[in-house]
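Student: Sequence first, then the predicted structure, then my questions.
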Amino acid sequence: MTKVALLAESGDPRRGGAERAIRATAKALHRLGVEVELHVPSDRAGPALEGPTLVPLPMKPLPRATRARHLAYALAAAAEGATRIACGKLLDAELIWSHSGVHACARDAQSRAGRSAFHAAVAVGLRQLRPVEWTFGGIEREQARACREGSARYLALSERVAADAREVLELEPAAVLPNGVDPERFAPPTAEARREAQRALAARTGAPEGAPLALFAATSPRLKGLDAAFAALQQVEGLHLALVGAQVSAPAALAERVHTLGFVDDMPALYRGASFLLHPSRYDPCSLVVLEALASGLGVVTTRADGAAQFVTAERGAVVDCAEDHAALVEACTRLCDPAQAAAAQTAAAGFCRGWDQVARELMEHVGA
């Protein structure tokens, strides 16, 4: 039996989409009959896994840079005897499939997010001075060198990440292998189920029944463009916003149209009840939120900075150049506030289906290749 070890810097799904995606891949590999282990640091292991073997690496408190360098080698050493797949900034693996994308791009996007040109330049410069950033950059360069020398192969999580790898790492990916979704949990509702979900979400948020209601979901609101969403909302009359994730106060002028739900466990119900997903991200290797919305039959407005945008056609919503393109965001939101246009986008989105089993099969094509 083929044995595969997924190496990840965190396995706790509460920390974000990358962790959820890695755990879902592990389960899908197990369903294929693969002997699979998920190697993670013990302090970020998350709950037990049904099927795959969760292997926590004992960790002591360490400075961030020291911790990063330790994990880069220790996780691979613990997984000897298996085909090792590095799902982050980790070394000594046969496959590099980073769920955080290209670190330099993510780092600069996080530094620039929502800042003026001057303050963005200062933030980028200051962040580059941190020892942990030197460590992450060094690990990424070592990964790229291993791929160029033939001891590892690079799988890009999206066409966006592939382009970043070519430009920043001077590396041609062996393949593009995007995330997937759980097709049983995220599936298009019937017309009656959608109407019921819309009524329920209106009651839950306090938005007027029948009013257009966009959905925004993120744990890093500034990076995912919440300020851009607020700016668009101010110019789209009658549009309401259901805000999921980190608690953020809306501008006073929008207080009656922004409805904060916090962290929730019933995202499928929100996808069924919303008019469209508004996700003007400044960096996303391959957003699970976008893929889940599409699979749920929900139109999406996002940016080219999101790797999942490769699945958002004009019929399924809109892809604008960047979060700062306010005119394009306003135009896209205005269009999807029209019930007929929203319904057309929902119908088109329902054609998206990329399950985790498909992701696992594609990944196995590169194991031992």
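Tutor: Now that the structure is in, tell me what you want to look at. What you are looking at is a predicted structure, and each value in this text was computed from that prediction instead of being measured.
Student: Helices of the stretch 101-250 of the chain, start to end?
Tutor: 103-112, 117-128, 131-149, 159-168, 191-205, 226-235 (DSSP state H, counting those that start in this stretch).
Student: For those helices, state which one has the densest average packing.
Tutor: Mean neighbours per residue, mean count of other CB atoms under 10 Å, is largest over these for helix 226-235, with a mean of 21. In short, each C-beta sits where N, CA and C put it, glycine included.
Student: Output the below-cut-off pLDDT ranges for this protein.
Tutor: Applying pLDDT under 70 to the chain picks out residues 1, 369.
Student: Which residue lies nearest the spatial centre of it?
Tutor: By CA atoms, centre = their mean, the chain has its centre lying nearest to residue 287, at 2.9 Å.
Student: thought that residue was touching residue 305?
Tutor: No: look at residue 287 against residue 305 with CB atoms under 8 Å: they stay out of range, at 9.9 Å.
Student: Let me know how buried residue 365 is, in neighbour terms.
Tutor: A total of 10 residues lie near residue 365 under the criterion other CB atoms under 10 Å.
Student: Could you measure from it over to residue 82?
Tutor: For residue 365, the distance to residue 82 (CB to CB, to the nearest Å) stands at 17 Å.
Student: Check whether residue 323 sits in a helix, strand or coil.
Tutor: At residue 323 the chain is in coil, as set by DSSP: H, G, I helix; E, B strand; the rest coil.
Student: residues in contact with it?
Tutor: By CB atoms under 8 Å, 6 or more residues apart in numbering, residue 323 lies in contact with 225, 227, 228, 280, 281, 282, 303, 305, 329.
Student: again, but for residue 347
Tutor: Counting by CB under 8 Å, 6+ apart, residue 347 has contacts residue 297.
Student: buried sites along the one helix or strand it maps to?
Tutor: Following DSSP states H and E, one finds residue 347 within helix 339-349. Burial within helix 339-349, assessed by neighbour count using 16 or more other CB atoms under 10 Å, is assigned to 341, 342, 344, 345, 346, 348, 349.
Student: Look up phi and psi at residue 6.
Tutor: Dihedral pair for residue 6: phi -90, psi 130, per degrees, to the nearest 10.
Student: Give me the secondary structure label for the residue lying closest to residue 159 once chain neighbours are set aside.
Tutor: Spatially, and ignoring its direct neighbours in sequence, residue 159 is nearest to residue 310 (5.0 Å; CB to CB, 6 or more residues apart in numbering). Assigned by three-state DSSP, the conformation of residue 310 is helix.
Student: List the contacts of residue 310.
Tutor: Counting by CB under 8 Å, 6+ apart, residue 310 touches 158, 159, 160, 178.
Student: One more: residue 313?
Tutor: Here residue 313 is in contact with residue 348 (criterion: CB under 8 Å, 6+ apart).
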